[in-house]
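Chemist: Dropping the sequence and predicted coords here.
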Amino acid sequence: MAIKRIMVIGAGQMGSGIAQVCAMGGYQVILHDLQEAFVEKGLATITKNLARQVEKEKITAELRDATLSRLTPSTDLQNAADVDLVIEAAVENMEIKSKLFAELDQITPKHAILATNTSSLPITEIAAATKRPTQVIGMHFMNPVPVMKLVEIIRGLATADEVYVAIEEMAKSLGKTPVEVNDAPGFVSNRILLPMINEAIYALYEGVATKEAIDEVMKLGMNHPMGPLTLADFIGLDTCLYIMETLHEGFGDDKYRPCPLLRKYVKAGWYGKKSGRGFYEYN
Ligand SMILES: CC(=O)CC(=O)SCCNC(=O)CCNC(=O)[C@H](O)C(C)(C)COP(=O)(O)OP(=O)(O)OC[C@H]1O[C@@H](n2cnc3c(N)ncnc32)[C@H](O)[C@@H]1OP(=O)(O)O
Ligand SMILES: NC(=O)C1=CN([C@@H]2O[C@H](COP(=O)(O)OP(=O)(O)OC[C@H]3O[C@@H](n4cnc5c(N)ncnc54)[C@H](OP(=O)(O)O)[C@@H]3O)[C@@H](O)[C@H]2O)C=CC1
């Protein structure tokens, strides 16, 4: 199954990172979002990242130029008509993802693989929105995509072995390390990470310590590169809440109930780094 042309859907923090590593890996990439301004913002992030790498002499100016030349902007989903693979990285919402996959099933060629970068939603349910569930798979990159080695690959109930192998090979071709997991709420990564972050938010909510102290304990005491509240801001508090809700609903276990403080911040529009304010403030 030769993969040459890819559409990445969602030009946010994950979609732009995924588009960057795919283009650097030699693939032709269409970066798609709802509005031109979002696509432009994503492309500007990629351009800035590549410029920084050239400055640091990590990549050549030729690789930067070749990478940029392989990226095409899109605001029309019909542009997926000749791709071999779609990697969807739109917002973490089942209704939006199901609708996108149903449309992609109509638009993309029969051989195309439809992958989702969802953090927690059931791959099997997303696949059920299509008539090609054997060709739907989870391809879960970590943030920041250009830096983190892991790609969690999630098989839905019907995912075909050859589709799994094609995605595993593709992840390796990007210099990533794929790890195979089965379809369960939050998979492995967020089933373990998000309850830890949620518990840190509860510690803040209950006045156990300041946000700085909570982060310092986990950084200096556990050698985490970022404290859990800084990491929550980095992931996006909206995404953190969606993931906790998926775990809560998926397992039906109250140990996964989202902290009320997390809900309050999301209701206030404090989404973390991407909106300028979360637990901390950003310029
Ligand atoms: C929610 C989900 O579904 C799953 C998830 O993704 S959960 C989140 C998983 N990610 C993490 O846990 C990240 C934890 N944090 C870290 O690993 C580190 O703090 C970090 C890599 C983000 C930054 O590392 P640091 O040493 O503090 O900063 P810094 O020295 O500036 O950066 C290290 C390198 O990363 C690069 N980098 C940092 N942020 C970047 C970004 N947003 N995009 C691209 N590159 C970035 C830097 O350019 C630098 O590259 P070089 O080594 O080539 O020079
Ligand atoms: N943040 C993280 O650390 C990680 C996130 N993920 C997952 O990746 C996905 C994206 O997350 P992230 O990049 O952080 O989120 P962002 O909010 O940064 O980006 C999402 C982008 O998708 C766009 N979008 C929303 N709906 C559609 C649609 N129907 N068609 C096309 N584009 C759309 C959004 O536009 P608009 O602003 O208009 O809504 C926005 O530009 C989520 O599923 C998330 O769970 C996976 C790994 C890590």
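Modeler: Great, that's in hand. Ligands and ions are numbered 1, 2, ... in the order given.

Chemist: Go ahead and list the helix or strand containing the closest residue to Thr47 other than its chain neighbours.
Modeler: What sits nearest to Thr47 in space, not counting adjacent residues and going by C-beta to C-beta, 6 or more residues apart in numbering, is Leu68, at 6.7 Å. C-betas here are computed from N, CA, C, even on glycine. Assessed by DSSP states H and E, Leu68 sits inside helix 61-69.

Chemist: and if you look at Glu40?
Modeler: In this assignment (DSSP H and E), Glu40 forms part of helix 36-55.

Chemist: helices or strands up against the very next helix or strand once past the helix holding Leu68?
Modeler: Next in sequence after helix 61-69, counting helices and strands by DSSP H and E, comes strand 71-74. For strand 71-74, the contact count by 3 or more C-beta pairs under 8 Å, 6 or more residues apart in numbering; DSSP states H and E identifies strand 28-32, helix 36-55 as packing neighbours.

Chemist: Show me which positions of strand 71-74 end up buried.
Modeler: Within strand 71-74, the residues that count as buried by 16 or more other C-beta atoms under 10 Å are Leu71, Thr72, Pro73, Ser74.

Chemist: Can you tell me what sits against the helix or strand containing Val163?
Modeler: Here Val163 sits within helix 161-173, counting by DSSP H and E. Helix 161-173 has contacts (C-beta atoms under 8 Å, 6 or more residues apart in numbering) with 1, 3, 25-26, 85, 113, 115, 134-135, 137, 139, 151, 153, 155, 177-178, 180.

Chemist: Could you rerun that using 6 Å?
Modeler: Applying C-beta atoms under 6 Å, 6 or more residues apart in numbering, the set of residues contacting helix 161-173 from outside is Met1, Ile3, Gly25, Ile113, Gln135, Ile137, Met139, Val151, Ile153, Arg155, Pro178.

Chemist: beta partners for the last one?
Modeler: By that I understand Pro178. Applying DSSP bridges to Pro178 gives these bridge partners: Val151.

Chemist: From Arg52, how far off is it?
Modeler: Separation of Pro178 from Arg52 (C-beta to C-beta, to the nearest Å) stands at 27 Å.

Chemist: could you give the angle of the helix or strand where Ile154 lies to helix 161-173?
Modeler: Counting by DSSP H and E, the element that carries Ile154 is strand 150-155. Taking axes from the mean of the first three to the mean of the last three C-alpha atoms, to 10 degrees, one finds that strand 150-155 is oriented at 170 degrees with respect to helix 161-173.

Chemist: in strand 150-155, what's buried?
Modeler: Neighbour counts over strand 150-155 (16+ other C-beta under 10 Å) mark Val151, Glu152, Ile153, Ile154, Arg155 as buried.

Chemist: ok, now stretch 197-206?
Modeler: Ile197, Asn198, Ala200, Ile201, Tyr202, Ala203, Leu204.

Chemist: now do stretch 83-98
Modeler: Applying 16+ other C-beta under 10 Å to stretch 83-98 flags Val83, Asp84, Leu85, Val86, Ile87, Glu88, Ala89, Ala90, Glu92, Lys97, Ser98 as buried.

Chemist: re the thing from before, got CSV for the contacts of helix 161-173, with pLDDT too?
Modeler: Below are the contacts of helix 161-173 laid out as CSV (pLDDT from 0 to 100):
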residue, pLDDT
Met1, 69
Ile3, 96
Gly25, 97
Ile113, 98
Gln135, 98
Ile137, 98
Met139, 98
Val151, 98
Ile153, 98
Arg155, 96
Pro178, 98
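
Chemist: Is Leu241 within a helix or a strand, and which one?
Modeler: Here Leu241 is assigned to helix 237-251, by DSSP H and E.

Chemist: List the contacts of that helix.
Modeler: Residues outside helix 237-251 that contact it (C-beta under 6 Å, 6+ apart): 92, 119-121, 185-186, 190, 194, 198, 232, 256-258, 262, 265-266, 271-272, 278.

Chemist: Could you list the contact residues of the chain toward ligand 2?
Modeler: Proximity of the chain to ligand 2 (C-beta under 6 Å from any ligand atom) is limited to residues 9-15, 33-34, 38, 89-92, 96, 100, 117-119, 141, 143, 235-236, 239, 274.

Chemist: 5 Å instead, please
Modeler: 10, 12-14, 33-34, 38, 89-92, 117-119, 143, 235-236, 239 (C-beta under 5 Å from any ligand atom).

Chemist: If anything else comes up later, I'll come back, but that's it for now.
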